[in-house]
Structures are given as C-alpha cells and as structure tokens.
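Participant: Build the 3D model from these lines:
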Amino acid sequence: MARNDELFSMPAWLICIFQAVPVLMPEVLICAAIGLIVVGLARGRAPVLSAAALALSVALVFLAGARIYLESILDAVPDRSGAIGMVLRVSIISITAAVLLTLFLSSWRRIVGPCFALIVVVSAPLALQAGFEAGPVTERLANVVGHAIERYHADHQSYPRALAELTPWYLIVVPQPVIVAGDRWCYDGGVDYYRLGYVSHINSPNDLYLVASAGVPPPGPWRCKAAASP
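Facilitator: Numbering: from 1, shown residues only. A predicted model of the protein is given here:
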C-alpha cells in the first residue's frame, strides 16, 4: 500500500508519463532506431561507430517487435486493440522517416530509409500475428499451476494454503498470469478444496475469473476477491 501511496503522491504529469511509457514503448524504440541510423550514416563518422549505431538500431527494432508481441497476448486486451494501435503507429513513423531520409540523404544512403520502413512494416504485423497465435497464455499457465496443486494434494492429502508451498518441489517458481504488469494469482486453499483465479483490473476491480478449482469451498466471500475490492 505504501508504494501505491507514493505513486499517487506524485505530480499528475509524472503519473501520466509512467502510464504512457509502456504503451508507447515500441514508438519510442523505433524513433531511437531512426536516430541511430542518422548517426550511423553521418559523413565523417568512424566506420566502427557507424556499424555499432546501425547494429543497435536493429536491436531496438527487435525490442519493439517483442513489445508488440507481448501486448498482443495480454488477456487484458481481448480485442488486441492496443497491439494493433502499436503496429499502426510504428508503421506510420517508419514510413514518415523513410520519406525524410530519402529526401535528406545522398547517394546510396537514400535506400536505407525505405529498407528500414519495409523491415518495420513487415515485422510489426508478424509480431502481432505471432501474439495472436500464442493463444490464451494465462489459461495454459493456470493448467501448470493446477497440476502442481494436484500433485501436492496427492502427496499431502491436503491442498496448499498458499501457492508459495508449491516451491521448490512442485514448481521451481510459480508462473504468474499474463494480464497486466504486476498482476498475481488469486488463490484460496484448504484441506479439501482450492480456488485459483485472477482479478480483472480492466473491466472492473471486482471481476474475478476462476481458472481452476477442486472440492467445495467454505461459505462466504472469496478472501482474494475481498482483498481486491476498493
């Protein structure tokens, strides 16, 4: 709670920056890659520095694609509108940069801009498609955790009181749901029952989705849901 208090004590403009950085990360990386291309192609630049700048620009494009891929598999964006918006924005930025580089660079350097735009315009949708095909990642992770819980029950004739009891014998680490950054499982377990789910922070802070369970839980509210309520 202290960390949340510290966050909300920040100025509003600083909170907006913290919230915008993850969303705009691909665009920032693409812009940085364009800047490195300009640096690498500058006349009089040492060949080693030029090669390093161009290599780093390629790495930034790769990181932008990875961010689009991760965004496209988030359960928090079922329609993938966030990832699609990223693809459109980085494509527009790349095409605009290609036009400017073609106008202002000379000789063979003019071809670099169109080549860069082509790489981004092709790779960004491929990263998006790869994320689409990854499927429901959280559900697969829930199956992994659920199997570990069942193995624990077979050995102890009781379900774990907390997921931490699964490590390290049943799971090296407990994989967390892929929803939004920082989200964790909601778990409630006892001798003859368990419930595993997660809270949706997108639709409503009270929407709790059950992904695995066994037995009959005791009457009363799910403790995890009560803790997640405002």
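Participant: Enumerate the positions of stretch 209-223 that are buried.
Facilitator: By neighbour count on 16 or more other CB atoms under 10 Å, the buried set for stretch 209-223 is 209, 211-214, 222. Placement of C-beta: from N, CA and C, glycine included.
Participant: Would you map out the domains in this structure?
Facilitator: 2-134, 137-228 (automatic domain parsing).
Participant: Helix or strand, whichever it is, which one in this protein has the lowest mean pLDDT?
Facilitator: When each helix and strand of the chain is scored by mean pLDDT, DSSP states H and E, helix 2-8 comes last, with a mean of 38.
Participant: quick revisit: now, the buried residues of stretch 209-223 that are in helices?
Facilitator: Using DSSP state H, no member of the buried residues of stretch 209-223 falls within helices.
Participant: from these, which two are the most distant?
Facilitator: 209 and 214 (16.7 Å; CB to CB).
Participant: How about the residue minimising distance to the centre of the chain: what's its closest non-neighbour residue?
Facilitator: With distances taken as CA atoms, centre = their mean, the residue of the chain nearest its centroid is residue 70 (4.2 Å). Of all residues not flanking residue 70 in the chain, residue 131 sits nearest, at 7.2 Å (CB to CB, 6 or more residues apart in numbering).
Participant: count of neighbours near that neighbour?
Facilitator: 19 (other CB atoms under 10 Å).
Participant: Against residue 68, how distant is it?
Facilitator: 7 Å (CB to CB, to the nearest Å).
Participant: which residues are in contact with both of the two?
Facilitator: Residues touching both residue 131 and residue 68 (CB atoms under 8 Å, 6 or more residues apart in numbering): residue 83.
Participant: Please save the CA atoms from stretch 30-41 in CSV.
Facilitator: Only the C-alpha atoms of stretch 30-41 are listed here, as CSV (Å, rounded to 0.1, in the frame of the first residue of the first chain):
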residue,chain,number,x,y,z
ILE,A,30,11.5,3.0,-33.4
CYS,A,31,12.3,6.7,-33.1
ALA,A,32,15.5,5.9,-31.2
ALA,A,33,16.4,3.4,-34.0
ILE,A,34,15.8,6.1,-36.6
GLY,A,35,18.1,8.5,-34.7
LEU,A,36,20.8,5.8,-34.6
ILE,A,37,20.5,5.3,-38.3
VAL,A,38,21.0,9.0,-38.9
VAL,A,39,24.1,8.9,-36.6
GLY,A,40,25.5,5.8,-38.3
LEU,A,41,25.1,7.3,-41.8
